[in-house]
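[1] quick one, fold the following:
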Amino acid sequence: MQKYSIIQYSRSILPFFFLLVIIASVGAQNISFQASSDARQVVIGNTFTVSYTLKNADPSDFTPPNFKNFQILSGPSQSTSVSIINGRKSQEIGYSYVLQPKSIGKYRINPASILANGKKVQSNAIQVEVLKGKGNATTQAQIDQEIGKNVFVKLIPNTSEARIGQQIVLDYKLFTKLDINQYNFVSEPEYPGFYAQEMRQFNNRPVQEVIDGEQYTTAILKRVALFPQQAGVVTLDPALLRVQIVVDKTQAQRRSFFFRPKTRPHNLRTESLQLNVLPLPDNPPATFTGAVGKYQLSSLVDRNRLTTDDAVAVRMTIQGNGDVKQIQSPALILNDSFEVYDPKIIEEITYESQQTLYGKKEIEYLVLPKYPGRFTIQPEFTYFDTDSLRYVTLRPQRHALIVLKGSNKTTTIAPTTTQDIPTEDIRFIQLTTNLQKNKTAFFGSIPFWILLILPFFALGGTVVYKRIQDAKLNIDPVLAKRNRAKKLVEKRLVNAKKYLGENKSHPFYDEISRAMLGYVCDKLNIQTADLTKDNVQEKLRSLDVKEENINQFLEIIKNCEIALFAGMDNSAAMQATYDNTLDVVTNIEANLM
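    Numbers count the residues shown, from 1 in each chain. Here you go, the predicted model:
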């Protein structure tokens, strides 16, 4: 009886099992990936939408086709919808593009692909026919040319010729006769050979201007401060913008949350721009540390009266319209009556004023007087004036110091013998003397022979030293620079590691940048003024340095420039930069051995 009931139970559950299998197989067959278009025919100059819909699967790795005959105006726009009907759940995920044909003809849009539940599936292909309209606009080129007469963008610098380190203010300026709803930058120049910093404070209100007898509405869309780092003619690539041109002014006048103006997308491309960067004059003063532009200098001391036991802090404030981050701290030149310690940067900021980028740098020097007396301290700072085209040295007010004699405390030296120090104040005086003749004669003794041979050793050492010095003078200067390149870069990397441990971002990247640029200048015998990316690549390739090491070297320089410009404080990025620098120097040295 029990056996029959089990068989009966299995027969009753068997239909449900097959039903589940059927449902699962039906669910698997319901996975679909379809392509569709809202137009099979489109007039040249108009737009249409292509959509890709995935049903009942989890998507990943969507790969669209190559829309080579069309211009992508927007997309991919992604949408998701989920519905539950009679307890059954279904979902759709869509990807859509807004396209504009480039020319007349019949075109096939190839299938797209996607991973659905881990399995790769493809959509169907789409056929689109592009027709000639009845209007005057027959091709996209003619449409762009017609719009280009009424709206365009220019790159306008405040000067086309500048010195190394001089600030150039570059404006992206829009000229239009049409209503522009919005704009966005698709691509910008990379500013090769410049430090670039985008400015935020500028007047972007529309202004009416007459250009070649035509009236335009103009506005500044973007402003960038550029600081050239190398001499020569530099070409900036064109910038690409996408603007939305209002084509329905009726809707534009009643714009609200529910009524948006009807717009037409259009791409604008600027002309390329050439900037001529001139080198600085030769033979700068010893106090010149790289400042170019217009600067002011002020200084103060924290005390005017002190003793030889005290130290005085001298603070210099440098302020001007150049890149203060690249200015090295000027040396505080004093006589040998003072001991001057290495300066430290107290503050370094950049700000905007009167549509120009300015910077301020505060540097503090710690000075220790050696002797008492009356002294004066007068800091100096030299910069290259871009108006007068000459080096200008600033000397603020003198600071008078009165130095008094301090405590002059000296450190006593502990006795080096193990003899006990007597506890009595006065030792017992011996009344008798016992003199004995020294039994060892000086002539022929060890001290005698040492004193006899010592002059000959001294003479031989002098001859050897002189030959070494003469050999150093005869070394090829280029070879000498190459030999010391590794020592200099190791010295700077020691400083960089110290700043890394202290999490000081700007000094760290500054040391790394100086280490790498100084290393390549000495190793490849390149003058700093001639240092370019192409020059470095060519020299390293001529020495059979691996391409990956060359790219790694250039990437480090680029990262340092970005960090010095943007103020990167990421300790992980600093550690990675330090490790990469060690690797690339080690690899280049091993390659050149």
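[2] tell me where the stretch 101-250 of the chain has helices.
    Assigned by DSSP state H, counting those that start in this stretch, the stretch 101-250 of the chain shows helices spanning 140-148, 249-253.
[3] cool, and the chain?
    2-29, 140-148, 249-253, 446-473, 477-501, 505-524, 533-542, 547-566, 571-592 (DSSP state H).
[4] any idea how many residues pack against the closest residue to F194 other than its chain neighbours?
    Counting by C-beta to C-beta, 6 or more residues apart in numbering, L226 is the residue found nearest to F194 once chain neighbours are left out, at 4.5 Å. For glycine as for every other residue, the C-beta is placed from the backbone atoms N, C-alpha and C. Applying other C-beta atoms under 10 Å, we find 25 residues neighbouring L226.
[5] and L226, what are its bridge partners?
    I168, A196 (DSSP bridges).
[6] from here on, count from 28
    Let's use 28 as the start, then, which means that last one is L253.
[7] wait, it sits on I195?
    Yes - contact criterion C-beta atoms under 8 Å: L253 and I195 qualify, at 4.3 Å.
[8] can you give me the buried ones in stretch 536-552?
    By neighbour count with 16 or more other C-beta atoms under 10 Å, stretch 536-552 contains the buried residues 536-551.
[9] that older thread, please enumerate the shared neighbours of L253 and I195.
    Residues touching both L253 and I195 by C-beta atoms under 8 Å, 6 or more residues apart in numbering: P184, F221, L302.
[10] show me these that map onto strands.
    Secondary structure defined by DSSP state E assigns P184, F221, L302 of the shared contacts of L253 and I195 to strands.
[11] and the least confident of those?
    For those, the weakest pLDDT value sits at F221, with 91.
[12] which ones are touching that one?
    Contact analysis of F221 by C-beta under 8 Å, 6+ apart lists I195, L253, F254, P255, Q256, V261.
[13] got it, and E298?
    K181, L182, P265.
[14] then Q242?
    Per C-beta under 8 Å, 6+ apart, neighbours of Q242: K204, Q235, E236.
[15] can you check P370 too?
    Contacts were defined as C-beta under 8 Å, 6+ apart; by that measure P370 touches S356, L359, I390, E391, Y392.
[16] mind checking how far it is from Y392?
    5 Å (C-beta to C-beta, to the nearest Å).
[17] overlap in contacts, those two.
    In contact with both P370 and Y392: L359, using C-beta under 8 Å, 6+ apart.
[18] before we move on, the earlier item: which of the contacts of E298 count as buried?
    Buried members of those, counted by 16+ other C-beta under 10 Å: K181, L182.
[19] so can I have CSV of the contacts of E298 showing distance to E616 and pLDDT?
    Output for the contacts of E298, formatted as CSV (distance: C-beta to C-beta, whole Å; pLDDT from 0 to 100):
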residue, distance to E616, pLDDT
K181, 48, 93
L182, 42, 94
P265, 41, 90
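[20] near the nearest residue to N303 once chain neighbours are set aside, how many other residues are there?
    Of all residues not flanking N303 in the chain, E188 sits nearest, at 4.5 Å (C-beta to C-beta, 6+ apart). As a burial measure, E188 scores 12 neighbours (other C-beta under 10 Å).
[21] residues contacting E188?
    L302, N303, V304, L305.
[22] make JSON lines from the residues you listed and add neighbour count and distance to V339 to it.
    Listed next are these as JSON lines, based on neighbours: other C-beta atoms under 10 Å; distance: C-beta to C-beta, whole Å:
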{"residue": "L302", "neighbour count": "22", "distance to V339": "45"}
{"residue": "N303", "neighbour count": "13", "distance to V339": "46"}
{"residue": "V304", "neighbour count": "21", "distance to V339": "42"}
{"residue": "L305", "neighbour count": "14", "distance to V339": "41"}
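[23] any idea how far stretch 219-238 is from the middle of the chain?
    Here stretch 219-238 is found 22 Å from its chain centre; the criterion is C-alpha atoms, centre = their mean, to the nearest Å.
[24] can I get that stretch as CSV, trimmed to CA atoms?
    Below are the C-alpha coordinates for stretch 219-238, written out as CSV (Å, rounded to 0.1, in the frame of the first residue of the first chain):
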residue,chain,number,x,y,z
PRO,A,219,51.9,71.7,-24.8
GLY,A,220,54.8,73.4,-23.1
PHE,A,221,52.6,75.5,-20.8
TYR,A,222,51.4,75.4,-17.2
ALA,A,223,47.7,76.0,-17.5
GLN,A,224,45.2,77.1,-14.8
GLU,A,225,41.5,77.8,-15.5
MET,A,226,40.2,81.1,-14.2
ARG,A,227,36.8,81.4,-12.6
GLN,A,228,36.4,85.1,-12.0
PHE,A,229,35.7,86.9,-15.3
ASN,A,230,32.9,88.9,-16.9
ASN,A,231,30.8,86.5,-19.0
ARG,A,232,27.8,88.8,-19.6
PRO,A,233,26.7,89.1,-23.3
VAL,A,234,28.0,92.2,-25.1
GLN,A,235,27.0,93.6,-28.5
GLU,A,236,29.9,94.0,-30.8
VAL,A,237,30.3,95.0,-34.5
ILE,A,238,32.7,92.7,-36.5
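[25] poorly predicted segments of the stretch 328-477 of the chain, please.
    Scanning the stretch 328-477 of the chain for pLDDT under 70 picks out 381, 435-471.
[26] again, 90 this time
    Within the stretch 328-477 of the chain, the stretches with pLDDT under 90 are 335-338, 348-384, 386, 397-398, 405, 423-425, 432-477.
[27] show me where it has strands.
    332-334, 339-347, 365-367, 371-380, 383-396, 400-404, 408-412, 417-421, 426-431 (DSSP state E, counting those that start in this stretch).
[28] now render those as CSV, adding distance to R269.
    Output for the strands of the stretch 328-477 of the chain, formatted as CSV (distance: least, C-beta to C-beta, whole Å):
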stretch, distance to R269
strand 332-334, 65
strand 339-347, 38
strand 365-367, 57
strand 371-380, 27
strand 383-396, 28
strand 400-404, 59
strand 408-412, 41
strand 417-421, 46
strand 426-431, 59
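[29] just put these in a markdown table and tack on mean neighbour count.
    Converted to a markdown table, the strands of the stretch 328-477 of the chain look like this (neighbours: other C-beta atoms under 10 Å):
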| stretch | mean neighbour count |
| --- | --- |
| strand 332-334 | 15 |
| strand 339-347 | 20 |
| strand 365-367 | 15 |
| strand 371-380 | 13 |
| strand 383-396 | 19 |
| strand 400-404 | 13 |
| strand 408-412 | 23 |
| strand 417-421 | 15 |
| strand 426-431 | 16 |
